[in-house]
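Participant: Take this sequence and fold it.
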Amino acid sequence: MDSAELLHREALWLREIAARSRRYTAAPPGLDDEELRDVRKAVLHAWIRYRYPISLQFVTNYVAIAATAMGMVVASSAAGGVAVLFATSNGSSAARAPWWLFSLATWAAVCLSLLVNGRADLRQVVSLVHRLGLRGIARRMTSADVGNWFVPAAALTLVTVAVVAVWLTVVTALSASTDQHLITAAAGLFGAVLGLVGNRWILTIQEFLRSKYRAPHGPRPLDGLLVELAAAAATSFEVRAHWWDLRSIKIVRRRLAFAIEAAQDASVIRRRTSVRELSSRREARQFHTALAELMRRHDRAVTQVHTAEEYDAITTSLRAGVLALAAEDLTALMQHSAAQPSASRVARLVRRTGSSLVLVVFAMVIPLLPGVDSATGDGVRVLLLMTAALALTPASDLASSSVRSALERSLFAKSTN
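Facilitator: Presented below is the predicted three-dimensional model:
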């Protein structure tokens, strides 16, 4: 895109931010003119500081997606190579299947997992194809503007590779021995977990690039929380008429999930300190953990509402949090932070490592089963331990939402032209 197009999209995005700020601050009732003006100004300024330029959003999204794809190819090849080392030590059974079977099985599982995790992106692409038709999509795919064809091309490539890889894996694995079936399944499990954390890889690369190249003034520590909490409070008021409906509950919880993610973000404090300032970083982490726990209590409370009065109490609390953040009154914001004990460290550790512990148990038990030879058992053990280590990386749908929020403008900006 040329500079004029970028400036046009920047202006459109700033106009959208202003419109959303008015909507978020107009929904809660009971604000006088002065409070409304102060809250609206605080949310608007926080959002402007918190946002990234359109050009930086496009570049970081494209680079993050491409880098993640290459990283997953390397990881799948490495897992396949480990499987081949153990399969070839099993004598004659290695000749019954080609050496590339395990890498292909891993990659097929990665593609399927990415498709499941990115189903919302696929729905947007399908909707775009339906709206533009084949002729419109053909014009987009042949456009010189990368923003017009990158997302549809990436989705089409992923679906095609997934279908071909799964078909080849199934056809080839049928001719393999039983021992190799076990190793192939372990390689596929590794690929499935790898695909589930793909969004986290994308988000990590995005944040690294954006923090490195963003404007020098940058956001304030609580700007993201103010924006997301204002959105959650406004959403809770907007669906008040159908507070019992499952769809309304899901909408509110989705907005609260963004607020929890923003509350946990201590990156601004980390950039102010060096690696050696452990106590300062620990204090910042404890403060943001307390904020996130406060958001989680509201999220849990939404799932337990039985009456309209209980729902109103939650929305009122969210509104009070927005007012406290807008006024920079941390005392009022955290006054209920100690009302209930946060989850214990042991509970958080078990919740974080539960799936990995299960995989470690299977890695120890499967090689001891009757009929499993030593080479196959060692291969399965290594692959499952690799999967357990990979499962420690938290998978988050918010990364996909972050990618969609930045890319949907490139998907639909010219669809009506």
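
Participant: separation between Trp47 and Arg22?
Facilitator: Distance, Trp47 to Arg22, by CB to CB, to the nearest Å: 11 Å. Where C-beta positions appear, they are placed from N, C-alpha and C, glycine not excepted.

Participant: Mind picking out the helix or strand in the chain with the poorest mean pLDDT?
Facilitator: Lowest mean confidence among the helices and strands of the chain (mean pLDDT, DSSP states H and E): helix 397-412, at a mean of 46.

Participant: So Trp47 and Arg22 - more neighbours on which side?
Facilitator: Using other CB atoms under 10 Å, the more surrounded residue of Trp47 and Arg22 is Trp47, with 23 against 14.

Participant: three-state assignment of Pro221?
Facilitator: Using DSSP: H, G, I helix; E, B strand; the rest coil, the structure places Pro221 in coil.

Participant: can you tell me the helix or strand for the closest residue in space to it that isn't next to it in sequence?
Facilitator: The shortest distance from Pro221 to any non-neighbouring residue, by CB to CB, 6 or more residues apart in numbering, is to Val268 (4.4 Å). Using DSSP states H and E, the element containing Val268 is helix 267-272.

Participant: Using PDB, write down the CA coordinates of that helix.
Facilitator: The C-alpha trace of helix 267-272 is given here as PDB (Å, rounded to 0.1, in the frame of the first residue of the first chain):
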ATOM      1  CA  SER A 267       5.400  -5.700  29.600                       C
ATOM      2  CA  VAL A 268       5.400  -1.900  30.200                       C
ATOM      3  CA  ILE A 269       7.000  -2.400  33.600                       C
ATOM      4  CA  ARG A 270       9.400  -5.000  32.300                       C
ATOM      5  CA  ARG A 271      10.700  -2.600  29.600                       C
ATOM      6  CA  ARG A 272      11.400  -0.100  32.400                       C
END
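
Participant: elements contacting that helix?
Facilitator: Helix 267-272 is packed against helix 198-213, helix 278-303, with contacts defined by 3 or more CB pairs under 8 Å, 6 or more residues apart in numbering; DSSP states H and E.

Participant: Name the stretch from those where average model confidence is lowest.
Facilitator: Mean pLDDT values for those show the minimum at helix 198-213, a mean of 81.

Participant: Show me what counts as buried in that one.
Facilitator: Within helix 198-213, the residues scored as buried using 16 or more other CB atoms under 10 Å are Gly198, Asn199, Arg200, Trp201, Ile202, Leu203, Thr204, Ile205, Gln206, Glu207, Leu209, Arg210.

Participant: Of those residues, which is the nearest to Pro370?
Facilitator: Set against Pro370, the nearest of these by CB to CB is Gly198 (36.8 Å).

Participant: Who are the contact partners of that closest one?
Facilitator: Thr68, Met72, Val110, Ser113, Leu114, Asn117 (CB atoms under 8 Å, 6 or more residues apart in numbering).
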